[in-house]
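Participant: Task: produce atomic coordinates for the following.
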Amino acid sequence: MLGSDPDAYGAALCQALFADPQAVAKYCELRAAALNRNNSRAVSVQLIVPAALQGLRWELLRDPVSGQPVGCDANVWWSRLLPVDHTIPLPPAPTSVRRVLLAVADPVDVATYRLPGIDAEYTDLLRRALADWETSVISAHWDEVRYQLYAGYDVLVLVAHGTLVEGQPWLFLVDEQQRVARRSGADLVAMLKSLGERCPRLVALISCAGAGDDDRQPLTALGPLLARSGPPAVIAAYGNLSLATAKRSTVRLTVPSTPPAWPPAMMTAPTGGH
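Facilitator: Down below sits the predicted model:
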């Protein structure tokens with residue numbers, strides 16, 4: 001029942017996690033200390049939970065004092081720290097203007113798959129959101145994306161329809177004729193992993209089921225797979241991501257200040273750097 005009510009879901013998580021009044025007091029103490037130490041800058045919070053609990057929508061967790069979703073607090077950078085089998089080397093921090101690759105897949109035959117097109121208004125919205133960065137916009141053709149990434153980008157923003165088939169992630173990219181070209185999530189994971197230090201520091205998946213579509217297989221979706229094997233940070237969404245929700249959620253390319261039904265998740269993994 002809670003799955004259809006984000007407010008009740010977040011409140012139930014809060015009640016379970018902060019059932020002990022001492023836990024609430026400690027949380028408030030640590031949060032205040034962190035904000036004071038950082039001169040009101042946002043506090044980075046990494047959530048470490050067992051794999052069995054990754055399916056819970058922690059981004060909806062309510063603050064025990066304010067009652068607002070912690071994942072939508074402008075003062076808190078909320079991310080999930082995912083388990084990995086090895087230490088991931090952190091790409092070097094950019095020394096100049098950050099470079100962003102915006103890859104958009106809008107196949108001409110997308111209606112054949114009963115999927116909506118990606119309108120020019122949304123692409124323009126993304127361009128404006130990235131105005132302070134050096135942004136290259138390309139069509140999401142597999143070879144072109146791979147070629148561009150080998151040149152070195154700090155951020156990859158991939159806009160494409162996505163799905164999970166028998167627990168395996170797939171993306172709807174485009175071919176030379178701008179028609180649908182399905183590509184497995186495993187291919188993207190392998191390609192980004194092969195980039196080594198050229199791997200983007202952040203990947204934003206603006207795609208359905210990027211973080212999963214149910215609670216039973218939380219680590220098999222594309223977002224968690226990427227975070228565990230390549231980029232230091234990944235943003236992805238749960239379930240079906242409507243264009244309206246995407247527009248609300250991507251202006252900051254982080255969590256929105258006004259939460260949609262299921263806010264996007266930021267996923268990180270242990271790295272060899274800081």
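Participant: Please count neighbours and contacts with C-alpha atoms only from this point.
Facilitator: OK.
Participant: got the buried residues for stretch 143-160?
Facilitator: Neighbour-count burial for stretch 143-160, with 16 or more other Cα atoms under 10 Å as criterion, is recorded at Val145, Leu149, Tyr150, Gly152, Tyr153, Asp154, Val155, Leu156, Val157, Leu158, Val159, Ala160.
Participant: what do you get for stretch 15-33?
Facilitator: Buried-residue list, stretch 15-33, by 16+ other Cα under 10 Å: Phe18, Val24, Tyr27.
Participant: Same check on stretch 72-89?
Facilitator: Quick answer for stretch 72-89 (16+ other Cα under 10 Å): Cys72, Asp73, Val76, Trp77, Trp78, Ser79, Arg80, Leu81, Leu82, Pro83, Ile88, Pro89.
Participant: Now, those residues that are in strands?
Facilitator: If you go by DSSP state E, those have Val76, Trp77, Trp78, Ser79, Arg80, Leu81 in strands.
Participant: related to what we said a few turns ago, output the buried residues of stretch 72-89 in CSV; the columns should cover distance to Gln178 and pLDDT.
Facilitator: Below are the buried residues of stretch 72-89 laid out as CSV (distance: Cα to Cα, whole Å; pLDDT from 0 to 100):
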residue, distance to Gln178, pLDDT
Cys72, 36, 71
Asp73, 39, 73
Val76, 40, 76
Trp77, 37, 77
Trp78, 37, 79
Ser79, 35, 83
Arg80, 35, 84
Leu81, 37, 83
Leu82, 35, 81
Pro83, 37, 72
Ile88, 35, 56
Pro89, 35, 62
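Participant: of all those residues, which comes closest to Ala131?
Facilitator: Trp77 (21.7 Å; Cα to Cα).
Participant: roughly how far apart are that closest one and Ala160?
Facilitator: 25 Å (Cα to Cα, to the nearest Å).
Participant: One more: Val100?
Facilitator: In terms of Cα to Cα, Val100 sits 16 Å off from Ala160.
Participant: what are the ranges of the helices in this structure?
Facilitator: Secondary structure of the chain (DSSP state H): helices located at 6-17, 21-37, 120-129, 142-150, 185-194, 222-229, 243-249.
Participant: average pLDDT for the last one?
Facilitator: Pointing back at helix 243-249 there. Throughout helix 243-249, pLDDT has a mean value of 55.
Participant: which regions of the chain lie under the pLDDT threshold?
Facilitator: Scanning the chain with the threshold set as pLDDT under 70 gives 1-4, 38-42, 85-97, 209, 211, 213-218, 239-263, 270-274.
Participant: can you tell me which residues contact the residue positioned nearest the centre of it?
Facilitator: The residue lying closest to the centre of the chain (Cα atoms, centre = their mean) is Ile235, at 1.1 Å. Residues counted as contacts of Ile235 (Cα atoms under 8 Å, 6 or more residues apart in numbering) are Leu202, Val203, Ala204, Leu205, Gly223, Leu253, Thr254, Pro264, Ala265, Met266, Met267.
Participant: Just the buried residues of these.
Facilitator: Buried, going by 16+ other Cα under 10 Å: Leu202, Val203, Ala204, Leu205, Gly223, Leu253, Thr254, Pro264, Ala265, Met266, Met267, out of these.
Participant: Serialize those residues to TSV and add fields for distance to Arg31.
Facilitator: Below are these laid out as TSV (distance: Cα to Cα, whole Å):
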residue	distance to Arg31
Leu202	25
Val203	27
Ala204	27
Leu205	29
Gly223	28
Leu253	23
Thr254	20
Pro264	22
Ala265	21
Met266	19
Met267	21
